[in-house]
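# Following is a predicted model, sequence given first.
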Amino acid sequence: MYEVVISGAGPVGLFLACELGSYGIRTLVVERRETIDPTLKAGAVSGRGADILTRRDVVSLLGDLPSIADLMGGRKPGGSSLQAAAGGRPTGHFAGLWVLRGGSAPASLVMAPQQRIEEALEKRALSLGVAIRRGHSFTGLDRDDAGVTVSLSGPDGPYEVRTGWVIGCDGGRSPVRKAAGFAFPGLDGVTTGHQALADFDDPDFFPMGWHRVPHGLMVRGPHPQRVLTLEFDGPPASRAVSQAELQESVRRVSGTSVTITAVHSVTRFTDNTRQAPSYRAGRVLLAGDAAHVHPPLGGQGLHLGLGDAVNLGWKLAATVRGWAPAGLLDTYSSERHPVAERVLHNTRAQVALMRPGPGVDALRDIFTMLAETPEANRLLTDLMGELDIRYGASGDHPLAGLYCPDLELKTASGPTRVADLSLAGRPLLLDLADRAEVRDAVRPWAERVDMVTGATEETDTLLLRPDGHVAWAGEDVGELRNALRGWFGEPSSSDGLGE
Ligand SMILES: Cc1cc2nc3c(=O)[nH]c(=O)nc-3n(C[C@H](O)[C@H](O)[C@H](O)COP(=O)(O)OP(=O)(O)OC[C@H]3O[C@@H](n4cnc5c(N)ncnc54)[C@H](O)[C@@H]3O)c2cc1C
């Protein structure tokens, strides 16, 4: 029997499977596709998503990646454009305004196509003992008090699997969400976007970069074949996209008569924003696009979904293994729902700021002026990268609840970093003041919590959750014990409890 069944082997389902696999949870991932979807989607992961991939060392599995300069092949960006990508100062954009410069943490970027990330995650999941069945679709579920019976359909026909938990990581149209009866309220889309890799009869028909034009938005690059159009005269009529439709859109938006000679990948999107009110219904949970959908503006979908998965993984593992304190699993939804709500909100603002017309021109000028001020720039950069998320934490230390910076520690066995200590994805106690009473306090939790003594600029003791957020920080050992109980359950041994 599998302890957890995940529907969907997209980046979120695979990352979650890795987290569960690292805890030894017997996990089955079912994916309706035989192979990874080759459609061009994310070209990079930014902000906290890049940190999450780095701290689990998924980055080293990505292999050699082309630089932006390689991709652009010497072409120069134009319009309001790709300065960030081309080596200029901004690190990201808001509504196509390349203004993001400095957040409250250093900018992180993993410049890899989504498919490469999925390949790396699949490799890692398999190495951690996760079972992945491609060509097998989730078709339904039946819940009772003891578990869930999942209906699947594979090459040999329909069959059932019994499990304790089902996680829907099966994208914006999530069959798990529908089968489990989650509501999905929100706003319908009013725009039609196309993203494609294509060949053109005139490769220089339009300059590289981001351009707001009278009929919408035109983006070219960083790959010379990549084109993205956004038009504001209604949502798409149907789901299939033909070469002729793509060409019409490119011609309308670019104002040229360019001809598309071949299409290597094309997808269509709109700006609908929807979100499940809660991500848990008993033994069924949602993560990634299954829990929230929004337009792909500012590249937020992947880091949002990876943030869900890294938040959920250890809490579900603790629940399955029986050491989760009461209510821990419900903090997944209460912590992650507001984060996605903010993303939905900012994508609505970006769509509004991208509309054509002189009124929006003026609004963009004023917005840019305000965004150039340091405080506004920090708020906006943090917003787009999820850099300022503070989860409920024990205590009122300035770091409590925040993502722990990648501190460098001097330890008896040499220098190390928080990122290196996070590879296993376990709770971590950083004994930064070298105190025997701290080490005694944590000993009863030794099976669950790793401990490292080291010196860095921070001298308070830090207790980190597996998702990198600071569960507690301070000096008081009694408070530390309460935080250990509150986040990681009753200790497995009474040795060192000191009570
Ligand atoms: C045009 C475009 C550009 C984008 N650009 C960016 C970007 O630059 N940066 C960024 O961060 N994000 C970007 N995104 C968003 C990003 O691609 C998504 O947020 C991301 O794919 C979500 O991952 P997921 O695992 O939640 O869902 P998905 O990637 O949708 O994966 C869901 C998986 O579930 C499978 N599935 C569905 N039904 C079933 C079933 N019944 N049984 C089994 N399996 C099933 C699907 O086949 C799929 O493999 C972009 C999206 C689009 C459309």
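Perfect, thanks for sending it.

# use CA for all of it now, contacts and neighbours both
Noted.

# quick check, Pro444 in a helix?
Yes. Pro444 sits within a helix when classified using DSSP: H, G, I helix; E, B strand; the rest coil.

# Surely it and Gly489 touch.
No. Look at Pro444 against Gly489 with C-alpha atoms under 8 Å: they stay out of range, at 11.0 Å.

# Between these two, which contacts overlap?
Common contact partners of Pro444 and Gly489 (C-alpha atoms under 8 Å, 6 or more residues apart in numbering): none.

# could you pull out the helices for the stretch 201-350 of the chain?
Per DSSP state H, counting those that start in this stretch, the stretch 201-350 of the chain carries helices over the ranges 243-254, 301-321, 330-354.

# Now mean pLDDT too, for those, in a markdown table please.
As requested, these are exported to a markdown table (pLDDT from 0 to 100):
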| stretch | mean pLDDT |
| --- | --- |
| helix 243-254 | 96 |
| helix 301-321 | 97 |
| helix 330-354 | 97 |
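
# could these go into JSON lines alongside mean neighbour count and distance to the ligand?
JSON lines is the format used below for the helices of the stretch 201-350 of the chain (neighbours: other C-alpha atoms under 10 Å; distance: least, C-alpha to the nearest ligand atom, whole Å):
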{"stretch": "helix 243-254", "mean neighbour count": "18", "distance to the ligand": "13"}
{"stretch": "helix 301-321", "mean neighbour count": "24", "distance to the ligand": "3"}
{"stretch": "helix 330-354", "mean neighbour count": "19", "distance to the ligand": "11"}
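
# Distance to Ala237 for these - can I get that in TSV?
Shown next, in TSV, are those (distance: least, C-alpha to C-alpha, whole Å):
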stretch	distance to Ala237
helix 243-254	11
helix 301-321	23
helix 330-354	19
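
# Ala281 is nearest to which of the ones you listed?
Between Ala281 and these, the tightest spacing by C-alpha to C-alpha is seen for helix 330-354, at 10.0 Å.

# what packs against that closest one?
strand 273-275, helix 301-321, helix 358-371 (3 or more C-alpha pairs under 8 Å, 6 or more residues apart in numbering; DSSP states H and E).

# The stretch 151-300 of the chain against the ligand: which residues are in contact?
169-171, 174-175, 195, 267, 269, 288-290, 296, 299-300 (C-alpha under 6 Å from any ligand atom).

# Now flag whichever of those residues is closest to Pro338.
Distances from Pro338 to these, taken by C-alpha to C-alpha, are shortest for Gly288, at 13.6 Å.

# Surely the closest one and Leu306 touch.
Yes. Using C-alpha under 8 Å, Gly288 is in contact with Leu306, at 7.2 Å.

# Give the residues shared as contacts by those two.
What both Gly288 and Leu306 touch, as defined by C-alpha under 8 Å, 6+ apart, is the set Val12.

# which ones are touching the spatially most central residue of the chain?
Nearest to the geometric centre of the chain sits His303, at 2.3 Å (C-alpha atoms, centre = their mean). His303 makes contact with 45-50, 385, according to C-alpha under 8 Å, 6+ apart.

# Show me the shaky parts of the protein.
The chain contains residues with pLDDT under 70 at 66-89, 493-499.

# any idea how it splits into domains?
Per automatic domain parsing, the domain ranges recorded for the chain read 2-65+111-185+273-354, 187-269, 408-488.

# Compute the first-to-last residue distance for the shortest one.
The stretch domain 408-488 measures 25 Å between its terminal residues, going by C-alpha to C-alpha, to the nearest Å.

# same check, this time on the first one
End-to-end distance for domain 2-65+111-185+273-354: 47 Å, by C-alpha to C-alpha.

# and if you look at stretch 26-34?
Stretch 26-34: ends 22 Å apart by C-alpha to C-alpha.

# For it, give me every contacting residue.
1-9, 13-14, 17, 20-21, 129-138.

# Please go through the residues you listed and note which also touch the ligand.
Taking C-alpha under 6 Å from any ligand atom, the overlap between the contacts of stretch 26-34 and the neighbourhood of the ligand is 7-9, 13, 137-138.

# pull the CA atoms of stretch 414-421 into PDB?
Output of stretch 414-421 as PDB, limited to C-alpha atoms (Å, rounded to 0.1, in the frame of the first residue of the first chain):
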ATOM      1  CA  GLY A 414      35.200  23.500   8.600                       C
ATOM      2  CA  PRO A 415      33.000  26.200   7.000                       C
ATOM      3  CA  THR A 416      29.500  25.400   5.800                       C
ATOM      4  CA  ARG A 417      26.300  27.200   4.800                       C
ATOM      5  CA  VAL A 418      22.700  26.900   5.700                       C
ATOM      6  CA  ALA A 419      22.000  25.800   2.100                       C
ATOM      7  CA  ASP A 420      24.400  22.900   2.500                       C
ATOM      8  CA  LEU A 421      22.800  21.900   5.800                       C
END
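
# Buried residues of it, list them for me.
Buried residues in stretch 414-421, defined by neighbour count with 16 or more other C-alpha atoms under 10 Å: 417-419, 421.

# Distance from it to the middle of the chain?
Taking C-alpha atoms, centre = their mean, to the nearest Å, the mean C-alpha location of stretch 414-421 is offset from the chain mean by 23 Å.

# Name the residues that touch that stretch?
54-56, 404-410, 428.

# try it again with 6 Å
Stretch 414-421 is contacted by residues 55, 406-409 when judged by C-alpha atoms under 6 Å, 6 or more residues apart in numbering.

# What of stretch 269-287?
By C-alpha under 6 Å, 6+ apart, the surrounding residues in contact with stretch 269-287 are 165-169, 183-189, 191-193, 291-295, 308, 333, 344.

# Name only those of the residues you listed that count as buried.
The buried subset of the contacts of stretch 269-287 - by 16+ other C-alpha under 10 Å - is 165-169, 184, 189, 191-193, 291-295, 308, 333, 344.

# now, which of the residues you listed lie within strands?
Mapping the buried ones among the contacts of stretch 269-287 onto strands (DSSP state E) picks out 165-168, 192-193, 292-293.

# Gly13 should be in a helix, yeah?
Yes. Membership of Gly13 in a helix is supported by three-state DSSP.

# Neighbours of Ile132, how many?
Ile132: 21 surrounding residues under other C-alpha atoms under 10 Å.

# Many thanks, have a good one.
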